[in-house]
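Peer 1: mind folding the following:
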Amino acid sequence: MKRMIGTALGVSALLVAGLLAGIKTGRLPLGVAGEWEWSRITVALSPLWLLVSAVGVAAYGGYAALGFRALGVPSRRGWRETGWVTGLTASAVLLQVLIATGAPEGYDLTRWGFVHCTKGATGYYDIAREQAASDPWKFLADYPTWIESQDVFHIGTHPPGLIATHALLLNLMGRHPSAADFLLATAPPSVIAGFQQAAIASERTIPRADRAEMYLISLLTLLAAAGAVAPLYLMARESLPPQLAWASAAFWPLAPALNLFQPGADAAYPFFSAGALAAAAWAVRINGAPGFLGWLSILLGVVSGAVMAFGMMYTLAFLPVGLIVALVVLSRLSTLWRRRFATIAWIGVGFLTFVGLAWLITSADPIVVWRWNLHHHARFYDSYPRSYLPWLLINPVELAIAAGIPTALWCLTGALADHRYVPRAAWSAIAVVTLANLTGRNMGEVARLWMIFLPPLLTAAGLGLTRLGGGSRTVFATILLLGIQTLGLQCLIQVVYPF
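Peer 2: Prediction:
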């Protein structure tokens, strides 16, 4: 077993080294020429801050290894798992801040102050400031008509959630200047420098309240991105013992895509997809239980549907998440069919109730909005044609890199070594990702677009590691390799800045 673990880690190390070397030398393409390629960073890195990031990765790896060992000892104390997962969540937040500080100057936390107010990167803030902040309710009510004439990029293909969030927080910071002052006083100097660079680049003055709002939304994105370890653990824990669920969750904060795409909202969506899946998995598991657990099953089903409906206010990527949820529920063979269908029904109640309330409150017909979003998404490939076969082959590779090569290899090992015990969430996500790839719905940028599918896929990682006899040292070594890949990629590839 030790030889197999050594071989697996050695393969991971070679693949990570080959990936970074290929990008550094320019021999590895970052997409399909003439269609879509990620840009490369040419700015020199800071050895000191890179060292700080590396120390943070090593410290986190030590904590993850201790948690893996502790949770391997049987215990009836439920609070023990809660304590370790709470600590993992807090550690994940700190770790992702430390990772960002190791990027080259201008690509570190500077991006927190630059990306939101740069139209080429997102554009949501500008629309919120110019069109929505003065009267958010009128803007939302008019959105079904407004979206009809929008582009095929970020704005036209998304519901109004991000614009509404910016407008809400802009008004909040405007009404509470003391809170805005406090936020900016606690912001790192690099974030403030990012605002200054954005102001120069756009030749405008960015009000103090607006800077506080963008910093706040970056913090919320960080908390959601790192905080996904908790629902991911719960999702894996539904079918796996604590130790295996811990390993899967512990690898999450090092996922390269999760770190490189902050403060973009895509990094926050996995928190909600993992939450909806965890709630659904536990809802069907305890469906039919007597007393409190029976009512809890209903509540969890409603929560799962409501979370997906909330996500649909931000991105239509929650449509395939809904399919994964349905597969997770229906594939629980030990539960009677009628109970599985009952869980699906309660999930539907939660979804429709949230959508109905949102429609009632905003006067914006979500069906019309989603129809136009899909229409604009389809028009994208009319304007920017893509070659089907190259992306069919590249997308899975890019997704594995987005998750982290060492993690992806453990997931693959789990699926091959003991497929009977792979969580239903992982198989369901594999099925949906395969379907999405074959239908050609996303040709390029899947590191960003499919990030929302990573949590259920990662539930197989702990199984793969332990089936080869891996222990706490293997967890530590895997985290070090993930750290090397993530830190290396953020020094070589530009993703959230305008291209």
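
Peer 1: quick one, domains of this protein?
Peer 2: What automatic domain parsing lists as the domains of the chain is 2-108+228-491, 113-219.

Peer 1: now for those domains, which one comes closest to residue 498?
Peer 2: domain 113-219 (3.0 Å; C-beta to C-beta). The way it works is simple: take the backbone N, C-alpha and C, and place the C-beta from them, glycine included.

Peer 1: rewinding a little: now the domains of the chain as CSV including distance to residue 497, mean pLDDT and mean neighbour count?
Peer 2: Formatted as CSV, the domains of the chain follow (distance: least, C-beta to C-beta, whole Å; pLDDT from 0 to 100; neighbours: other C-beta atoms under 10 Å):
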stretch, distance to residue 497, mean pLDDT, mean neighbour count
domain 2-108+228-491, 8, 93, 20
domain 113-219, 6, 90, 19
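
Peer 1: distance to residue 498 added to those domains, as CSV?
Peer 2: CSV is the format used below for these (distance: least, C-beta to C-beta, whole Å):
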stretch, distance to residue 498
domain 2-108+228-491, 10
domain 113-219, 3
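
Peer 1: next, give phi and psi for the nearest residue in space to residue 106 that is not next to it in sequence.
Peer 2: Distances taken as C-beta to C-beta, 6 or more residues apart in numbering place residue 43 nearest to residue 106, at 6.1 Å, with adjacent residues excluded. Backbone geometry at residue 43, expressed as degrees, to the nearest 10, gives phi -80, psi 140.

Peer 1: who's in contact with residue 43?
Peer 2: Contacts for residue 43 (C-beta atoms under 8 Å, 6 or more residues apart in numbering) come out as 104, 105, 106, 107.

Peer 1: distance of residue 275 relative to residue 121?
Peer 2: The gap separating residue 275 from residue 121 is 27 Å, by C-beta to C-beta, to the nearest Å.

Peer 1: got it, and residue 476?
Peer 2: From residue 476 to residue 121 the distance is 36 Å (C-beta to C-beta).

Peer 1: go on, residue 438?
Peer 2: For residue 438, the distance to residue 121 equals 31 Å [C-beta to C-beta].

Peer 1: residue 35 too?
Peer 2: Going from residue 35 to residue 121 by C-beta to C-beta gives 20 Å.

Peer 1: then residue 308?
Peer 2: Distance check for residue 308 against residue 121: by C-beta to C-beta, it reads 27 Å.

Peer 1: try residue 7
Peer 2: Residue 7 is 42 Å from residue 121, where distance means C-beta to C-beta.

Peer 1: same question, residue 182
Peer 2: For residue 182, the distance to residue 121 - C-beta to C-beta - is 26 Å.

Peer 1: got it, and residue 29?
Peer 2: Distance, residue 29 to residue 121, using C-beta to C-beta: 23 Å.

Peer 1: and residue 67, by the same measure?
Peer 2: Residue 67 is 36 Å from residue 121, by C-beta to C-beta.

Peer 1: what do you get for residue 161?
Peer 2: Residue 161 sits 17 Å away from residue 121, going by C-beta to C-beta.

Peer 1: so what's the backbone phi/psi at residue 36?
Peer 2: Taking degrees, to the nearest 10 as the convention, residue 36 sits at phi -160, psi 130.

Peer 1: list the contacts of it.
Peer 2: Contact analysis of residue 36 by C-beta under 8 Å, 6+ apart lists 384, 386, 443, 444, 445.

Peer 1: what of residue 278?
Peer 2: 231, 232, 234, 235, 238 are the contacts of residue 278 under C-beta under 8 Å, 6+ apart.

Peer 1: which parts of the stretch 201-350 of the chain are helices?
Peer 2: Taking DSSP state H, counting those that start in this stretch, the helices of the stretch 201-350 of the chain run over residues 208-227, 229-237, 242-251, 256-260, 269-285, 292-312, 318-330, 337-362.
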